[in-house]
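J.: Here's a sequence, model it:
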Amino acid sequence: MQKLFPDAAAALDGLLHDGMLIASGGFGLCGVPERLLKAIQDSGVKELTFASNNAGIDNEGIGMLLRSRQVKKMISSYVGENKEFERQYLSGELEVEFCPQGTLAERMRAGGAGIPGFYTKTGVGTQVAEGKEVKSFDGPNGTEDFILEHGIFADLAIVKAWKADETGNLMFRKTARNFNLPAATCGKFCVVEVEEVVPAGALEPDCIHLPGVYVQRMIVGAPYDKKIEFVTTREREAA
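T.: From the prediction side, this is the model:
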């Protein structure tokens with residue numbers, strides 16, 4: 001099966017439609033599938049729901065799609081660096097489902113494993129638990145309350161990897177591994193942008209983070225510009 005496509009638009013051809021749920025990898029500005037996000041913006045699809053750790057910053061990452069008003073809802077755990085996100089949320093233009101970071105990662109992992117729901121203590125007694133089923137279970141600390149969280153089953157997963165072989169086996173680099181891996185597994189269809197593609201068999205099997213069976217299409221997105229959220233420098237000392 002030929003998985004490598006010439007560009008992001010070609011890799012997404014036939015997969016996009018209004019109102020779809022997209023799981024997107026990345027952590028801050030690290031490991032963001034920016035080529036695929038730009039192609040989604042250029043396609044003009046709208047009323048999108050994104051499940052992603054965060055929404056990037058203004059005009060970067062999912063922030064591009066927020067600016068072009070193509071996002072209806074965000075399922076996220078951290079949104080603090082995006083002023084347009086804040087503005088749309090406070091004005092009622094954007095629906096937001098806040099989800100604790102570990103719970104969001106587990107919801108994606110659960111979806112990828114075919115698990116429709118699971119119970120967790122995270123959020124019990126807080127706004128996170130509002131409207132959710134609460135059950136008591138016996139544990140090492142006695143009987144405690146747990147809330148039901150649902151697995152995420154996305155129409156499409158878009159992720160960024162460091163290296164891939166021709167069959168789609170992936171390696172992620174450092175922090176980029178955090179959400180890209182679970183996001184890749186929870187989509188009905190997974191499209192990956194990578195920095196480098198190597199021949200099949202070139203990757204050490206023990207170093208593969210995601211098996212190629214999860215990946216349907218790939219593009220080479222390199223070269224990339226390193227994006228920095230906050231540039232902090234030390235003042236020069238007097239000579």
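J.: Let me see the contact set for residue 187.
T.: By CB atoms under 8 Å, 6 or more residues apart in numbering, the contact list for residue 187 reads 22-23, 154-158. For the C-beta atoms, the positions are set from N, CA and C on the backbone; glycine is no exception.
J.: Quick check: of those, which has the highest neighbour count?
T.: Ranked by neighbour count (other CB atoms under 10 Å), these have residue 158 at the top, with 33 neighbours.
J.: related to what we said a few turns ago, can you put the contacts of residue 187 in JSON lines and add distance to residue 11?
T.: Output for the contacts of residue 187, formatted as JSON lines (distance: CB to CB, whole Å):
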{"residue": "22", "distance to residue 11": "14"}
{"residue": "23", "distance to residue 11": "16"}
{"residue": "154", "distance to residue 11": "16"}
{"residue": "155", "distance to residue 11": "15"}
{"residue": "156", "distance to residue 11": "11"}
{"residue": "157", "distance to residue 11": "12"}
{"residue": "158", "distance to residue 11": "9"}
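J.: Tell me where the model's unsure across this protein.
T.: 239 (pLDDT under 70).
J.: quick one, strands of it?
T.: Assigned strands in the chain, in chain order: 21-24, 48-51, 71-76, 95-98, 117-120, 134-139, 142-150, 156-165, 170-171, 190-198, 217-220 (criterion: DSSP state E).
J.: which residues are in contact with the last one?
T.: Okay, so that is strand 217-220. Outside strand 217-220, the residues within contact range by CB under 8 Å, 6+ apart are 3-8, 10-12, 35-36, 164, 168, 189-197.
J.: Distance of residue 214 relative to residue 36?
T.: When CB to CB, to the nearest Å is the yardstick, residue 214 and residue 36 sit 16 Å from each other.
J.: mind listing what's buried in stretch 213-220?
T.: Neighbour-count burial for stretch 213-220, with 16 or more other CB atoms under 10 Å as criterion, is recorded at 214-220.
J.: just checking, residue 73 touches residue 98?
T.: No. Applying CB atoms under 8 Å as the test, residue 73 and residue 98 come out as separate, 11.6 Å apart.
J.: From residue 52, how far out is residue 71?
T.: Distance of residue 71 to residue 52, computed by CB to CB: 10 Å.
J.: Quick check: nearest residue in space to residue 124, chain neighbours excluded?
T.: What sits nearest to residue 124 in space, not counting adjacent residues and going by CB to CB, 6 or more residues apart in numbering, is residue 145, at 4.9 Å.
J.: Just give the number of residues close to the one you found.
T.: Other residues lying near residue 145 total 13 when counted by other CB under 10 Å.
J.: Who are the packing partners of the single longest helix found in the chain?
T.: In the chain, taking DSSP state H as the definition, the longest helix is helix 101-112. Counting contacts by 3 or more CB pairs under 8 Å, 6 or more residues apart in numbering; DSSP states H and E, the secondary-structure elements packed against helix 101-112 are strand 48-51, strand 117-120, strand 142-150, helix 177-185.
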